[in-house]
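Trainee: Sequence unavailable; structure follows:
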């Protein structure tokens, strides 16, 4: 049935892309030598594109299903393992530092980048720990870190990276059969997967213990399959760029359509993957007939994929997360010394930002003149408020969804703000900076509204919330990539905004932000009893007379408002919401109130210090606080996760 | 066309008024024009900080060395000419210029473009700010670049140089045009210019691009009718180029996949490739100032002469 649908889709897609008669098309496929341009176009552009769409779609679908079954995690996408961001960073580095390398070496770069990123994610989570949310969150952390590195490099060398954006947007267009020839041998491992995987996966359903009891050690085969899968995906994205959703969506559709056995799911996912990509690519081609600039395939896939993902997975996702919140290990109680140290750090960082003066080849401390001060204090205030706000948002969210690895970014709130701004700048012909915080704020609120509406159906279960957030974020990322691929000089402004900088925050804005954040922090503080109860599990909260749903929605809105205020003013700042609560807990802030206060202090310190550092390291150029925070925080976080894992083993 | 004439008329009227009225206010103040209208400066600007590359290019062409401009390394890599002397100070990036650094240069005037439009109030605390918009969907970019060149000349008191350079450019383009006419026996081909984004997609220079304006000045029509856009570029699939049946296609370098292109059946069956009406053009900055029109026209002519049926010797050499 699915195979039939695929044939039909292939046929329709062909008719959409050429005006030739069907007999002529058949003759050309059968080997007639093309003469006219339309014929050449058919044989060397339309057909290879269709074949690549099928190959890539099939492999993404297959690997998506393989990985979801291996990890028994329906939220896992092949891109979760950081493959696309690893490949992206590698390509950006290659383009900037070795611009004269040929296409072949670039391909190697992308492949190595993708595989290293996966190795990093696996190392962080550990092979035995792939079934829950941790792997998704660890993958997200790696994605954020590598993405921040790539953005920093691009911002400092924007012209070099211009032609890469098309790859970033994911495009299937072909010029000749070169890529098909490159891809086909690499896709052969797909057969190995189809042959080996069903047995292993079936055994895994019984459970690892059961399998071992039958005298089977699954681990080597498990690892082999994982490696083959990532190899397949890396090859696919190297060839065509980032095309999201297929790998995440198709296994969910396959299960929805009734694929029960492991083999069925693999097979149907493969077919559905091919079908989905052929169809969305045809959609992209069709849309491009009406638009001035062409629409990349990845954008079309995301536009169709995001709603489809939310629809098809609505019953598939079970609550499989740990339902009781457990804090990360660390010092067992909060020492006065620690608080003093944080305060000293915070105050010296503020002094540094106020008094430090950079010169060409030297530096000195001096009292700022009126003008310098008028430039400096709004940035100091903004970074402090932003850091504290995001840290508190993270603290609340982690306890709400019972996961110490959650970051407010996953809700898609900042993605909503980004979408509104990029949209405004693309269609109103203004720069992204002129669009202003109001537009960003309404975008963020729009995203919140979507999350609340969609979340209501399933009583705001954490996995569903994250799924909606992932879908929203991926959709918006695809849209941003499309905007970046248009290759004009607006791109630079969009990238700078995405970096998360305090540069453009005016005095009034900074005061408003500080005021709003302080107000929201006070609300959060006064609701800390709710949080304590919810941390202990929703049932517990309910039995103590707390209306779980209402409290949950209110706290979620609080998180969203904090993120929205910060993002609207200084752009997206990743990691603080993840890192600050984590550090606070490690330093001994165990109760809700303690964690709220300590994480706010740490968050404020981190963003403010990064903001100052960003202004001096590349003087007179500046590096956005958001990027530096991601790089510093991301590296620290990954080290911490690795260390934590190693000590768990000992 | 009508609008362009009208703009030219306005400028003429304005220039005459300025020239007539000017001596009356002599010494005390200088009236200058930017994209926001007329403004007064205490005197002609000596120390200029310019925050966008196209305007920096204009200022340098006027023979004035700015005290500060952004991302000089990037400029030297991508805009290339005119060259930036070593004494010019770097003031950071184009979108986040360093306020304190700018203030320390004690400029007489700060010249900004649209990427810095929202910084105007903040910058005005340092020195008077002049805003010149070059790239907009609602006007002719090339004409704006030419107008801005004259306006900027009024700011730094180099009106004579501006007039001379504009006249020179006009006659240079005329000379290029006659060489082309000679080489093509009076029948200039229709030409479309572009940049490769990859082997499957291209950025076409359409209405409102410097390249199309340069072609227009050379008396050459576009081979593909493309609407005007803010930046003058449109991104298309390579297959879409096949509709260029009689025209010539020129692509700006750098493009590192020419070998792959020459192997491509799709590319080699394009009508203009079959008829050998395709050539590369020396690199040139697409978002430049007035004089970039001249450089673009020169590069295009160079490339077209290589394709010409009759090879003519350069009389100037």
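Mentor: Yep, that arrived. Computed from a predicted structure; not experimentally measured. Numbering: from 1, shown residues only, chains lettered A, B, ... in the order given.
Trainee: Tell me which stretches of the stretch 201-350 of chain A form strands.
Mentor: In order along the chain, the stretch 201-350 of chain A carries no strands (DSSP state E, counting those that start in this stretch).
Trainee: interface residues of it facing chain B?
Mentor: Taking Cβ under 8 Å from any Cβ of the partner chain as the criterion, the stretch 201-350 of chain A approaches chain B at residues A:288, A:292-294. (C-beta placed from N, C-alpha, C; glycine too.)
Trainee: biggest helix in the chain, by residue count?
Mentor: No chain was given, so I picked chain A. helix A:370-400 (DSSP state H).
Trainee: Oops, wrong one, chain B.
Mentor: Longest helix in chain B, counting by DSSP H: helix B:159-183.
Trainee: Buried residues, it. List them.
Mentor: B:159, B:161-162, B:165-166, B:169, B:173, B:176-177, B:179-180, B:183 (16 or more other Cβ atoms under 10 Å in any protein chain shown).
Trainee: and which of those residues is nearest chain A?
Mentor: residue B:169 (23.5 Å; Cβ to the nearest Cβ).
Trainee: what about the closest one, distance to residue B:304?
Mentor: Separation of residue B:169 from residue B:304 (Cβ to Cβ, to the nearest Å): 18 Å.
Trainee: try residue A:426
Mentor: Counting by Cβ to Cβ, the gap from residue A:426 to residue B:304 is 35 Å.
Trainee: of these two, who's got more company?
Mentor: Shown here are residue A:426 and residue B:304; by other Cβ atoms under 10 Å in any protein chain shown, residue B:304 has more neighbours (25 against 16).
Trainee: List the contacts of the residue in the stretch 201-350 of chain A that chain B sits nearest to.
Mentor: Distances between the stretch 201-350 of chain A and chain B by Cβ to the nearest Cβ are smallest at residue A:293, namely 4.3 Å. Residue A:293 makes contact with A:486, B:234-236 under the criterion Cβ atoms under 8 Å, 6 or more residues apart in numbering or on different chains.
Trainee: Nearest to residue B:188 among those residues?
Mentor: residue B:234 (23.0 Å; Cβ to Cβ).
Trainee: what helix or strand is that closest one on?
Mentor: strand B:233-237 (DSSP states H and E).
Trainee: quick one, helices of chain B?
Mentor: Going by DSSP H, chain B shows helices at B:2-21, B:53-61, B:72-78, B:99-104, B:120-124, B:141-156, B:159-183, B:210-217, B:258-263, B:265-268, B:271-274, B:290-307.
Trainee: Out of those helices, flag the one nearest residue A:638.
Mentor: helix B:72-78 (31.7 Å).
Trainee: re the thing from before, could you point out which of the buried residues of helix B:159-183 is nearest to residue B:192?
Mentor: For these, the nearest to residue B:192 is residue B:180 (16.0 Å; Cβ to Cβ).
Trainee: can you pull the contacts of the closest one?
Mentor: Per Cβ under 8 Å, 6+ apart, neighbours of residue B:180: B:188, B:218-220, B:301, B:304-305, B:308.
Trainee: TSV for those residues, including pLDDT?
Mentor: Formatted as TSV, the contacts of residue B:180 follow (pLDDT from 0 to 100):
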residue	pLDDT
B:188	91
B:218	94
B:219	93
B:220	93
B:301	94
B:304	93
B:305	92
B:308	86
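Trainee: Of the contacts of residue A:293 - the most surrounded one?
Mentor: Neighbour max across those (other Cβ under 10 Å) = residue B:234, 25 neighbours.
Trainee: Need the per-residue pLDDT for residue 222.
Mentor: Using chain A. For residue A:222, the pLDDT comes out at 78.
Trainee: wrong one, I was asking about chain B
Mentor: 91.
Trainee: so how far is chain A from the closest residue to it other than its chain neighbours?
Mentor: Once flanking residues are discounted, residue B:222 sits nearest to residue B:192: 5.6 Å by Cβ to Cβ, 6 or more residues apart in numbering or on different chains. Going from residue B:192 to chain A by Cβ to the nearest Cβ, to the nearest Å gives 15 Å.
Trainee: partners of residue B:192 in the sheet?
Mentor: residue B:249 (DSSP bridges).
Trainee: Quick one: neighbours of it, just the number.
Mentor: Count around residue B:192 with other Cβ under 10 Å applied: 26.
Trainee: again with residue A:289
Mentor: 9.
Trainee: same thing with residue A:433?
Mentor: The number of residues near residue A:433, taken as other Cβ under 10 Å, comes to 21.
Trainee: re earlier: for the strand holding residue B:234, name the packing helices and strands.
Mentor: strand B:201-205 (3 or more Cβ pairs under 8 Å, 6 or more residues apart in numbering or on different chains; DSSP states H and E).
Trainee: Might you name the residue of the stretch 151-300 of chain A sitting closest to chain B?
Mentor: residue A:173 (3.8 Å).
Trainee: next one: the stretch 501-650 of chain A
Mentor: residue A:620 (4.2 Å).
Trainee: How much space separates that residue from residue A:93?
Mentor: 24 Å.
Trainee: What of residue B:192?
Mentor: 34 Å.
Trainee: hmm, back to that, which of the helices of chain B sits most buried?
Mentor: helix B:53-61 (a mean of 26; mean count of other Cβ atoms under 10 Å in any protein chain shown).
Trainee: ok, residues contacting that helix?
Mentor: B:48, B:50, B:66, B:69-71, B:74-75, B:78-79, B:82-84, B:94, B:111-113, B:132, B:134, B:145, B:148-149, B:152, B:156, B:165, B:285, B:287-292.
Trainee: State the mean pLDDT of that helix.
Mentor: Helix B:53-61 comes out at a mean pLDDT of 92.
Trainee: Now residue A:308: closest residue in space, sequence neighbours ignored.
Mentor: Residue A:308 sits nearest to residue A:249 (Cβ to Cβ, 6+ apart), 5.8 Å away.
Trainee: residues touching that neighbour, list them.
Mentor: A:64, A:276, A:305, A:308-309, A:312.
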